[in-house]
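J.: Give me coordinates for this.
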Amino acid sequence: MYQKILVAVDGSESSKRALNEAVRMASLGKGSVHCVYVVDKSALFTYAGYYDPVALLDAFRRDGTEALEAAGKAVAAAGLAGDTELVETESAGDDVAACLQRCAQRYGAELVVMGTHGRRGVRRVVLGSVAERFLRFSSCPVLLVRSDDVEKAAKS
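T.: Residues are numbered from 1 along each chain as shown. Prediction:
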């Protein structure tokens, strides 16, 4: 069973479902859960002309801290060992998937659990997929958890 599980959190419904799965997997083998939130600083360059970059970065960090606090409480409530980490992309050319790869390697993750929105077609091309980029280069098993929103949309 997996002992060192890394879960990517961002406060979205899909990441909350991923956290629940990571907790379930860790509970099976009394493993630990390392929750990671990535602040994507590349957005600062995109919006630099419209917003104060320092205020925007502070807002990203606050969002990350809140998501990690909730994740840490969920891990503790399950009686598991775990910790949280807020990391930031290193440059304008860095992305969330690469940053998560570095975290997984540094932590020695045996399993990475991530939420995915399950977008298809043009929406996926335009918005991209952190989960897909991570999966392509991962050196350990990855469990992708789809959000409830995708299931509801598929039924409509």
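
J.: CA atoms for contacts and neighbours, from now on please.
T.: Will do.

J.: Could you list the low-pLDDT ranges of the protein?
T.: 43, 45-50, 118-128, 148-156 (pLDDT under 70).

J.: Before we go further, residue 144 is sitting in a strand, right?
T.: Yes. Judged by DSSP: H, G, I helix; E, B strand; the rest coil, residue 144 forms part of a strand.

J.: in the sheet, who's paired with it?
T.: Under DSSP bridges, the beta-bridge partners of residue 144 are residue 114.

J.: List the buried residues of the helix ranked longest in the chain.
T.: Longest helix in the chain, counting residues (DSSP state H): helix 53-77. Buried residues in helix 53-77, counted by 16 or more other Cα atoms under 10 Å: 53, 56-57, 60-61, 63-65, 67-68, 71-72, 74-75.

J.: ok, which stretches of the chain are strands?
T.: Counting by DSSP state E, the segments of the chain that form strands are 4-8, 32-39, 81-88, 111-116, 142-146.

J.: do you know which of those strands lies nearest residue 96?
T.: strand 32-39 (6.3 Å; Cα to Cα).

J.: since we're on residue 1, how many residues are nearby?
T.: 12 (other Cα atoms under 10 Å).

J.: The closest residue to it other than its chain neighbours and residue 77, how far apart?
T.: Excluding its sequence neighbours, the residue lying closest to residue 1 (Cα to Cα, 6 or more residues apart in numbering) is residue 29, at 5.5 Å. Using Cα to Cα, to the nearest Å, one gets 16 Å for the distance from residue 29 to residue 77.

J.: Then residue 27?
T.: Residue 27 is 11 Å from residue 77, by Cα to Cα.

J.: swap in residue 57?
T.: Residue 57 is 30 Å from residue 77, by Cα to Cα.

J.: One more: residue 114?
T.: Where residue 77 is concerned, residue 114 sits at a distance of 20 Å (Cα to Cα).

J.: show me the contacts for the closest residue to residue 84 other than its chain neighbours.
T.: Among residues not flanking residue 84 along the chain, residue 35 sits closest, at 4.6 Å (Cα to Cα, 6+ apart). Contacts for residue 35 (Cα atoms under 8 Å, 6 or more residues apart in numbering) come out as 6, 7, 8, 9, 68, 71, 72, 82, 83, 84, 85.
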